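>>> this one's structure only:
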């Protein structure tokens, strides 16, 4: 059934995508500043010609606002920042003057011209080397020692606050939350914050989103779950995370359940697949729960594993779009499912379907090479699940702890996290094994693993690397900087400005309307989207690969944040931001709301323009 | 009716290299920042077809023979670009390009006086007088068919050539053309190669499995307004000077970028910002300023959103954009259809006719395909009863499409519907046939593969091997 009305006028959506790929090793290590920043001089010349007088005025004001000899940080702060020599200061002062010459601020700006933001690196980190705090750190520190890698310093409280909120909740802290944490003087405040965040409802929202990416939760094709089923499935996933269902039980439920897609939502695992034949199921199971890409397996391993899924059956019912997933003991006697005939073409006559000879099911062989005999009336999925979730099966436990590590650290111990194979070894095998043991010991409590990682010195390193060692990133010697997820950015913009988005899906029926207060991280269905989410690389949920989520920064995204009516209207009219600006300490509140830190000496006041500047800064857009 | 000529022109074997010239990053940096943003866009677009990021150019990086980038060379490309006028909702074939005045008033309604065109034997609907004057420039396909009466399925089929519901969500023609043609001008232009005026489809994702890289840039705004406020590029109430001030402030305030300035993420962020500002305050964004066009030309196009979108499309093509879609979401006229036609058809008439003459006068029609149709036609028999009160419903059994330029002959009619316009009488044309013809004219190798994120082998051109119903490319008008 398709809608017969024209689509509603879509939201203004610049869906541009002209992306710049984040460099890997092939990028030139250093581009000379003069060449990279060549935008400056032509603009300055232009400005000089058109508004020379204004520039002169601006320069004078800058001079007045900048006491002679004001220390300005070196472009790349060095460790000796606290003690600068007078000569350094003079040099920096003259540099400041040069920078002013290229300043192209026009007369329209209306704010006092501002000096460059002045900070030393203490905004981001503590000036002391990190020390190990537990077994996890010992394993990581040992590797650094062995490879002679110097780790980054520990991150500052403000950086930790923002990072842990973003990593655990996909949410930025509110002004009150930020203030409370930064003012807290207790030594174990980081640990207390971690414990509190793991209990928050946003934890379930954010991680249900992550799992829905991997499990391909969306109503439309190619997966075609249908809205009711997608939402039921999402609700089941979210509740499992909220109730901290042990991970082995979570996976067993997904793999062995039978019933209606509406009433036993976990059966949708067998519906949300690119391909529902036994091999297609085996491929998805191996990818999701073992981190293996079966195209890199020997063919017979996939064949042996797919035999466990030969008796998965699908049945229609009288209810619209209901589908029942069953264990069908007789399935192997039936002919293989004919390819689903497409809609009939005009004037087409369909040939009667040919009866094919039943294909003999292959013999079930576990991925570890052991063949098993299964009675005809026993559900082979049970046998497979027993093997998979057994504590002794490293395929299962290592995969999930490696993924959790990857999600929090931005880089897997096996990297990429869903490409486990003998020729892609873990960068720290002892660490991987230890985390897997901890998972089993804790009765598959994933929050225990989160806690171990989040409380470690390793996780709490700053993102400013100290080592140029080629293995530094693979050994987690600094925190990995990465762009925020599409959903997280729009939720943060809404939280800061006190605005909302409307999400709805008119295709397919039944129409789905989402309450305005719902955050994007809590959207139940990948088919419910917006141009913003698409532009910022929300995954299509087709393949279940981690790499589907595209967090590269693109020119189109920059255009949208810098200049679109969507973001402009939020900043101009958002009641939340207006309230912050009306407060006595407006600039401090705006800094806390957007960057979760206090302004430094060189940061400035200013209203909507300050907010515009900060939401366009990389400090806002990247977790760091 | 014009006699259909069967013409088989042997394709010339002359290779036309459409590959972007590969230039190293360093060279580009050395050439200065004006080309930097362009390079970033252009390079990405050129390399768009390569599934993995190409490293600093080395001979070893030469594309494999079957990938999208290389396969547009080696064949004669008559067309360089496409303008797609997408009449979303389904325009009535019998009131436009396939009139049936003899079928009686229950079919024709009040519109039963089709008019002669400047090509002997071709008649079109009476509300299209301007198009009647330029019928020698376009061809009409009167036997389009797919049999689907649902908007979503039909839109998908007409714009991908494929059936929905399989494992793959196919990309629309615009995304495929973008993948193959990228940016011929390479580093000269900043503008994205695939642009939608003014709103995207909504019915399906244009990029399909190709992913967000291949999504069109949707302009938003209204080209008929005093200032065409292209979303993200032209901001109301902010002058160029203010934009520069803001940018300077941002550069000063961005502490993390300064602290981590060598990190790849910060370099990428900086590059993205440079590229964005080249569109906001650089010359590239000027293509959207229609006020530089002569008033009488703007009036000929029609001072309405559709007409001015057609004009904007021509300007974009002139600047090297490869695929422009003008979406018009007004054609789902279930009720009071004829009143709607008197309102809508004059705009279509002026917009399309002026676009064809304007392209022709500028020598662009030979290299630009214009493709105008909706997802289906409308029921030839009028629903006079309430609540339709003279309406027409969805009709996928037969409908019309118009193609012109870029190697398509003008003044021809392909195929025919029956006396009442209800079935295909002669020479069915399936969506895949038309799309295959477009690709052929654009020089896209029929055997070429699309870049697939998981490296599956997927052909760009719809083929019978996929189980699709096809009746052959439009050789008679190519």
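The structure has been received and is ready for your questions. As the structure is a prediction and not an experimental result, all values here were calculated from the model.
>>> only C-alpha atoms from now on, for both contacts and neighbour counts.
OK.
>>> state the distance from residue A:552 to residue A:538.
For residue A:552, the distance to residue A:538 under the criterion C-alpha to C-alpha, to the nearest Å works out to 11 Å.
>>> now do residue A:310
To residue A:538, residue A:310 is 33 Å away according to C-alpha to C-alpha.
>>> which one's more surrounded, those two?
Taking neighbours as other C-alpha atoms under 10 Å in any protein chain shown, residue A:310 and residue A:538 compare with residue A:310 leading, 26 against 22.
>>> ramachandran angles for the closest residue to that one other than its chain neighbours?
Take residue A:310 and drop its neighbours on the chain: the residue closest to it by C-alpha to C-alpha, 6 or more residues apart in numbering or on different chains is residue A:278, 5.3 Å away. Its backbone dihedrals place residue A:278 at phi -50, psi -40, with angles given as degrees, to the nearest 10.
>>> quick one: contacts for residue A:278?
For residue A:278, the contacting residues are A:306-310, A:312, by C-alpha atoms under 8 Å, 6 or more residues apart in numbering or on different chains.
>>> quick one: the strands in the stretch 51-200 of chain B, in order.
In the stretch 51-200 of chain B, the strands defined using DSSP state E, counting those that start in this stretch lie at B:81-87, B:115-116, B:123-124, B:138-144, B:194-197.
>>> sorry, wrong one. I was asking about the stretch 301-450 of chain B.
B:323-328, B:368-373, B:377-378, B:394-395, B:399-404, B:412-414, B:416-417, B:424-426.
>>> in TSV, list these along with mean pLDDT, mean neighbour count and distance to chain A.
Formatted as TSV, those follow (pLDDT from 0 to 100; neighbours: other C-alpha atoms under 10 Å in any protein chain shown; distance: least, C-alpha to the nearest C-alpha, whole Å):
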stretch	mean pLDDT	mean neighbour count	distance to chain A
strand B:323-328	96	26	10
strand B:368-373	98	24	16
strand B:377-378	97	30	12
strand B:394-395	96	24	8
strand B:399-404	98	26	12
strand B:412-414	97	25	18
strand B:416-417	97	24	13
strand B:424-426	95	17	9
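>>> the helices in the stretch 251-400 of chain A, which residues?
A:278-290, A:299-306, A:380-389, A:394-409 (DSSP state H, counting those that start in this stretch).
>>> let's have those helices in JSON lines, adding distance to residue A:458 and mean pLDDT.
Rendered in JSON lines, the data for the helices of the stretch 251-400 of chain A read as follows (distance: least, C-alpha to C-alpha, whole Å; pLDDT from 0 to 100):
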{"stretch": "helix A:278-290", "distance to residue A:458": "26", "mean pLDDT": "95"}
{"stretch": "helix A:299-306", "distance to residue A:458": "37", "mean pLDDT": "94"}
{"stretch": "helix A:380-389", "distance to residue A:458": "29", "mean pLDDT": "96"}
{"stretch": "helix A:394-409", "distance to residue A:458": "9", "mean pLDDT": "97"}
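>>> ok, which of the ones you listed comes nearest residue B:306?
The minimum distance between residue B:306 and these falls on helix A:278-290, with 46.0 Å, by C-alpha to C-alpha.
>>> mind listing what's buried along stretch B:115-122?
B:115-119, B:122 (16 or more other C-alpha atoms under 10 Å in any protein chain shown).
>>> now the two most distant members of those.
The most widely separated members of the buried residues of stretch B:115-122, counting by C-alpha to C-alpha, are B:115 and B:119 (11.2 Å).
>>> mind listing what residue A:321 touches?
Neighbour list for residue A:321: residue A:226 [criterion: C-alpha under 8 Å, 6+ apart].
>>> give me the neighbour count for the closest residue to chain A within the stretch 51-200 of chain B.
Taking C-alpha to the nearest C-alpha, chain A has its nearest neighbour within the stretch 51-200 of chain B at residue B:147, 4.6 Å off. Look at residue B:147: counted by other C-alpha under 10 Å, it has 21 neighbours.
>>> pretty sure it is touching residue B:394, no?
No - Residue B:147 is not in contact with residue B:394 according to C-alpha atoms under 8 Å; the separation is 10.3 Å.
>>> OK, contacts around the residue sitting nearest the centre point of chain A?
Most central in chain A under C-alpha atoms, centre = their mean is residue A:485, positioned 4.6 Å from the mean C-alpha point. Contacts here follow C-alpha under 8 Å, 6+ apart; on that basis residue A:485 touches A:536-538, A:551.
>>> just give me the closest of these to residue B:174.
Nearest member of those to residue B:174, counting by C-alpha to C-alpha, is residue A:537, at 19.6 Å.
>>> check the gap between that closest one and residue A:617 for me.
The span separating residue A:537 from residue A:617 equals 19 Å under the rule C-alpha to C-alpha.
>>> circling back: can you check which of the strands of the stretch 301-450 of chain B gets nearest to residue A:382?
Counting by C-alpha to C-alpha, residue A:382 lies closest to strand B:394-395 out of the strands of the stretch 301-450 of chain B; the figure is 49.0 Å.
>>> what mean pLDDT does stretch A:580-598 have?
Averaging the model's pLDDT scores along stretch A:580-598 yields 91.
>>> give the buried residues for that stretch.
Buried residues in stretch A:580-598, counted by 16+ other C-alpha under 10 Å: A:580-581, A:586-598.
>>> let me know the closest of those residues to residue B:285.
Minimum distance to residue B:285 across those is 30.2 Å, recorded for residue A:594 (C-alpha to C-alpha).
>>> and the closest one, which helix or strand is it part of?
In this structure, residue A:594 is located in helix A:586-595 according to DSSP states H and E.
>>> quick one: distance of that helix to the chain centre.
Taking the mean C-alpha point of helix A:586-595 and that of its whole chain, the gap between them comes to 24 Å (C-alpha atoms, centre = their mean, to the nearest Å).
>>> what about that helix, near chain B?
No - on the criterion C-alpha under 8 Å from any C-alpha of the partner chain, helix A:586-595 is out of touch with chain B, staying 10.9 Å away.
>>> which other helices and strands contact that helix?
If contacts are counted by 3 or more C-alpha pairs under 8 Å, 6 or more residues apart in numbering or on different chains; DSSP states H and E, helix A:586-595 sits against helix A:175-183, helix A:575-582, helix A:608-615, helix A:618-621.
>>> neighbours around residue A:511, how many?
When neighbours are counted by other C-alpha under 10 Å, residue A:511 comes out with 12.
>>> for it, what are its contacts?
Here residue A:511 is in contact with A:504-505 (C-alpha under 8 Å, 6+ apart).
>>> quick one: residue B:129 and residue B:348 touch, right?
No - using C-alpha under 8 Å as the test, residue B:129 is too far from residue B:348 to be in contact (10.7 Å).
>>> so where's chain A shaky on pLDDT?
The model of chain A has pLDDT under 70 over residues A:1-120, A:221-223, A:332-361, A:506-509, A:601-608.
>>> domain parsing for it?
Per the record, chain A has its domains at A:43-71+A:86-116, A:135-199+A:393-482, by automatic domain parsing.
>>> and these, which is most packed in?
Neighbour counts (mean count of other C-alpha atoms under 10 Å in any protein chain shown) averaged over each of the domains of chain A peak at domain A:135-199+A:393-482, with a mean of 19.
>>> from one end of that domain to the other, what's the distance?
With C-alpha to C-alpha as the measure, the ends of domain A:135-199+A:393-482 fall 27 Å from one another.
>>> do it and chain B meet?
Yes - legend: contact between domain A:135-199+A:393-482 and chain B by C-alpha under 8 Å from any C-alpha is shown at A:464, A:481-482.
>>> dump those residues to TSV, plus distance to residue B:471 and secondary structure.
Compiled in TSV, those are given as follows (distance: C-alpha to C-alpha, whole Å; DSSP: H, G, I helix; E, B strand; the rest coil):
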residue	distance to residue B:471	secondary structure
A:464	62	coil
A:481	54	coil
A:482	50	strand
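>>> for residue A:296, give me its contacts.
residue A:421.
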